[in-house]
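Undergrad: I would like the atomic coordinates for the input below:
(one chain, ligands or ions: 1)
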Amino acid sequence: MGRSSSTSSTSVSLWEDWLEQALQALQSSMLLRSLRPLVPSEVAGAVAGRDCKSARATGTHTPSFLTFQGLGTWDRASVEVEVSHATLQCWNQESPSTGAEVCNLEDVLDVPSSGVVAVDSCNKLRLFSGNDYLGLSVHPAVRSAAAEAALEFGMGPRASALVCGYTYHHRLLESTIAELKSTEECLLCPSGFAANMAVMTAVTSLAPGTVKGQENVVAIFSDALNHASIIDGARVAQRQSNAEVYVYKHNDMAHLQLLLSKCTQERKVVVTDSLFSMDGDFALLVELVALRKQHGFLLVIDEAHGTLVCGENGGGVAEALGVQDEIDIHVGTLSKAVGCQGGFIASSQKWKQLIQSRGRSFIFSTALPIPIVAAAHAAILVAREEKWRQRAVWERVQQFSQATGLHFTSPIAPIILGSADDTLKASRQLLMAGFHVSAIRPPTVASNASRLRITLSAAHTTADVEALVVALSPWIRTTCSSPSYRQYAAQRFDLSLPKEISQTLPQNHMIGMPSQDRQGKHYTKAGILFIQPKL
Ligand SMILES: Cc1ncc(COP(=O)(O)O)c(C=O)c1O
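TA: Alright, predicted model coming up:
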């Protein structure tokens, strides 16, 4: 729960009681774990002759870094790569590969025997498949932060955070993320996947040694389109007999309400992605918060794709919808808009204590290397300064929507083609035209819902998007009129909005980010911009 929030109902406060009891039990059995930030040795490890001036992370010092007013040449590296003819050919033929074709095919395809790919044998590929939504992975400040930290400290102490892998650099990043999320605390994890696993297993283990059928088994309610890491975390909790799992239909609040009402378990958790990774639509956080008040469940959201992309300060979808303080646990990753690697869990201090003591994927995995931590910290500070990046990615969403005539609600823009074969074919043809777009098929998505998953970034130029739209045009034409797209659109749009807003809007609109109200077509509420695209 946020810094300023208080419990909104008696049932919600029950979770605080259970948490308190669990912490006391862990304390008395000496299982309450502590994090002790270490100061890595700087002088002894520094590379000789290099003037290492990066700030020692004290929690108060903010390193200085360069920021910019618009795209620089460096941004290109976020959305453009090169691929050898050999790889491209194998890719186009869908040949199975372990990545070794560059070496194996050297005679046929002019690849030097060293295995190093010569520049003249490469093709350029524009990426519309990554998750580096703001282009921060290649920002000069992020590069420098990683490089300086590596030269100054090496990779840092290599052990789990509870042993000796946790340093002042980790602490600084945790405080910065807690501030971003308006929570008391934050816990860094090795990845977003590990963060979700840690949350799901820890929150269901409040009473160690519970047996299924007893009153303290936790009922987990999980959206049908949640990420694999949530699903696996819930499965592990279920396997440990700490949880029962109920999957509610995607964003279907009536179904969730029904399941909640029928459930006799006192302890309930609702968990959802905030911005769904394959559909690009939003969880109904306003409605979920209202249900939380009614049913007193613990509300966990995964802001993997929302962090830095949504919300005036980049706090995520919860910030954009004005419900940040009503969320109990915010999970996230540093590998998408932050452009680096790692995961985090932002929460109250007590939840952090519990998760750091019971979350096995946190406890038994090596802490993030200092250069990664320093880079992620720099990326968040850059995003705070370079506000234009967030605006730019939403402008690309708008541009892409208008140019295709399709409804896109976020930088994750799926074009549903239905059949897996058609989707693979489309993806291959795009590849040969110089665009990398992922083909998403079952089991990642439902059968007949195969799709091109296009992701947009602040690092894309308007020309990139225009070129993609031209390359996509054969599929856009068929998609607009296809039953699978119509079904998708009918299920997704209008659902994404709080009722009081959706009632005031025309039927065709998309949900987006704050910006200027232009041409009377935009409506803002709680920091969210609703746009009526040209159709
Ligand atoms: C919604 C969601 N949650 C969690 C993750 C896992 O994050 P990470 O890549 O940092 O393990 C992802 C990444 O694909 C994701 O899309």
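Undergrad: how close does the residue of the stretch 51-200 of the chain found nearest the ligand get to residue 403?
TA: Using CB to the nearest ligand atom, residue 192 is the residue of the stretch 51-200 of the chain that sits closest to the ligand, at 2.4 Å. To be clear about C-beta, it is placed using only N, CA and C from the backbone, and glycine gets the same treatment. Counting by CB to CB, to the nearest Å, the gap from residue 192 to residue 403 is 31 Å.
Undergrad: out of the two, which sits in the busier spot?
TA: The neighbour comparison of residue 192 against residue 403 (other CB atoms under 10 Å) goes to residue 192, with 25 against 19.
Undergrad: Pull the number of nearby residues for the residue nearest to residue 374 when sequence neighbours are not counted.
TA: The shortest distance from residue 374 to any non-neighbouring residue, by CB to CB, 6 or more residues apart in numbering, is to residue 149 (3.7 Å). Neighbour count of residue 149, defined by other CB under 10 Å: 27.
Undergrad: How far does the helix or strand in which residue 149 is found sit from its chain's centre?
TA: Assessed by DSSP states H and E, residue 149 sits inside helix 140-153. From the chain centre to the centre of helix 140-153 is a distance of 24 Å (CA atoms, centre = their mean, to the nearest Å).
Undergrad: Past that helix, which element shows up next along the chain?
TA: Next in sequence after helix 140-153, counting helices and strands by DSSP H and E, comes helix 168-181.
Undergrad: Between helix 140-153 and that following helix, find me the angle.
TA: 150 degrees (axes from the mean of the first three to the mean of the last three CA atoms, to 10 degrees).
Undergrad: Is helix 168-181 positioned near the ligand?
TA: No. If you take CB under 6 Å from any ligand atom as the test, helix 168-181 misses the ligand, and the best it gets is 13.5 Å.
Undergrad: cool, stretch 216-225 as well?
TA: No. Stretch 216-225 stays clear of the ligand (CB under 6 Å from any ligand atom), getting no nearer than 9.6 Å.
Undergrad: now the end-to-end length of that stretch.
TA: 27 Å (CA to CA, to the nearest Å).
Undergrad: for the record, mean pLDDT for it?
TA: Averaging pLDDT along stretch 216-225 gives 94.
Undergrad: Which parts of it count as buried, going by neighbours?
TA: Residues 216, 217, 218, 219, 220, 221, 222, 223, 225 are the ones in stretch 216-225 that count as buried (16 or more other CB atoms under 10 Å).
Undergrad: wait, residue 250 sits on residue 225?
TA: Yes. Assessed by CB atoms under 8 Å, residue 250 is found in contact with residue 225 at 4.7 Å.
Undergrad: What residues does the residue nearest in space to the middle of the chain make contact with?
TA: The centre of the chain sits closest to residue 304, judged by CA atoms, centre = their mean, with a distance of 1.5 Å. By CB atoms under 8 Å, 6 or more residues apart in numbering, the residues touching residue 304 are 192, 227, 273, 275, 277, 331, 332, 333, 336.
Undergrad: Please flag which of these sit within helices.
TA: Among the contacts of residue 304, DSSP state H puts residue 192 in helices.
Undergrad: ok so residue 269 is a helix residue?
TA: No. Going by DSSP: H, G, I helix; E, B strand; the rest coil, the assignment for residue 269 is strand, not a helix.
Undergrad: from here on, count from 21
TA: Taking 21 as the first residue, the last one we looked at is residue 289.
Undergrad: Show me the beta-bridge partners of it.
TA: Beta-bridge partners for residue 289, by DSSP bridges, are residue 240, residue 318.
Undergrad: hang on, it packs against residue 222?
TA: No. Using CB under 8 Å as the test, residue 289 is too far from residue 222 to be in contact (10.9 Å).
Undergrad: Can you tell me what sits against stretch 175-187?
TA: So stretch 175-187 is contacted by 53-60, 77, 189-190, 208, 376, 382-391, 393 (CB under 8 Å, 6+ apart).
Undergrad: Pull out the buried members of the residues you listed.
TA: Neighbour-count burial (16+ other CB under 10 Å) applied to the contacts of stretch 175-187 gives 53, 55, 60, 77, 189-190, 208, 376, 382-383, 385, 387-391, 393.
Undergrad: that older thread, mind listing what's buried in the helix holding residue 169?
TA: By 16+ other CB under 10 Å, the buried positions in helix 160-173 come out as 160, 161, 162, 164, 165, 166, 168, 169, 170, 171, 172, 173.
Undergrad: Can you pull out the low-pLDDT segments for the stretch 321-470 of the chain?
TA: Within the stretch 321-470 of the chain, the set of residues satisfying pLDDT under 70 is empty.
Undergrad: ok, the closest residue to residue 358 other than its chain neighbours - contacts?
TA: Residue nearest to residue 358 in three dimensions, not counting chain neighbours: residue 399, with 4.8 Å by CB to CB, 6+ apart. Shown in contact with residue 399 (CB under 8 Å, 6+ apart): 156, 157, 159, 161, 162, 354, 358, 359, 360.
Undergrad: How about the residues of the stretch 121-270 of the chain by the ligand?
TA: Residues of the stretch 121-270 of the chain lying close to the ligand (CB under 6 Å from any ligand atom) are 211, 212, 213, 216, 247, 249.
Undergrad: cutoff 5 Å now
TA: Proximity of the stretch 121-270 of the chain to the ligand, by CB under 5 Å from any ligand atom, involves residues 211, 212, 213, 247, 249.
Undergrad: among those residues, which two are most distant?
TA: Distance extremes for these: the farthest pair is 211 and 247 at 11.8 Å, using CB to CB.
Undergrad: Neighbour count: the two, which is higher?
TA: Comparing residue 211 with residue 247 by neighbour count (other CB under 10 Å), the higher total belongs to residue 247, at 24 against 18.
Undergrad: how far away is the more buried one from residue 280?
TA: As judged by CB to CB, residue 247 and residue 280 stand 22 Å apart.
Undergrad: for residue 457, same thing?
TA: As defined by CB to CB, residue 457 lies at a distance of 38 Å from residue 280.
Undergrad: When the two are compared, which one has more neighbours?
TA: residue 457 (25 against 20).
Undergrad: I figured that one hits residue 495, correct?
TA: No. Assessed by CB under 8 Å, residue 457 is found out of contact with residue 495, at 10.0 Å.
Undergrad: who touches both of those two?
TA: Contact criterion CB under 8 Å, 6+ apart; residues shared by residue 457 and residue 495: 446, 472.
Undergrad: do you know how far residue 249 is from residue 213?
TA: Using CB to CB, one gets 4 Å for the distance from residue 249 to residue 213.
Undergrad: Looking at those two now, which is surrounded by more residues?
TA: Under the criterion of other CB under 10 Å, the comparison of residue 249 against residue 213 puts residue 249 first, with 24 against 20.
Undergrad: Just say helix, strand or coil for that one.
TA: Here residue 249 is recorded as helix under three-state DSSP.
Undergrad: any idea of the pLDDT on it?
TA: You'll see residue 249 listed with a pLDDT of 98.
Undergrad: Tell me how many other residues crowd the residue in the stretch 371-520 of the chain that the ligand sits nearest to.
TA: Per CB to the nearest ligand atom, residue 432 is where the stretch 371-520 of the chain lies closest to the ligand, at 9.4 Å. When neighbours are defined as other CB under 10 Å, residue 432 has 22 of them.
Undergrad: How about residue 86?
TA: Neighbours of residue 86 under the rule other CB under 10 Å: 11.
Undergrad: My read is that it contacts residue 165, right?
TA: No. Taking CB under 8 Å as the definition, residue 86 is not a contact partner of residue 165, at 11.0 Å.
Undergrad: joint contacts of the two?
TA: Between them, residue 86 and residue 165 share no contacting residue, judged by CB under 8 Å, 6+ apart.
Undergrad: Kindly report the residues of the protein close to the ligand.
TA: Close to the ligand, as judged by CB under 5 Å from any ligand atom, the chain has residues 211, 212, 213, 247, 249, 293, 297, 322, 324, 353, 355, 363.
Undergrad: list the contacts for the fifth one?
TA: With contacts defined as CB under 8 Å, 6+ apart, residue 249 is in contact with 212, 213, 214, 215, 216, 217, 322.
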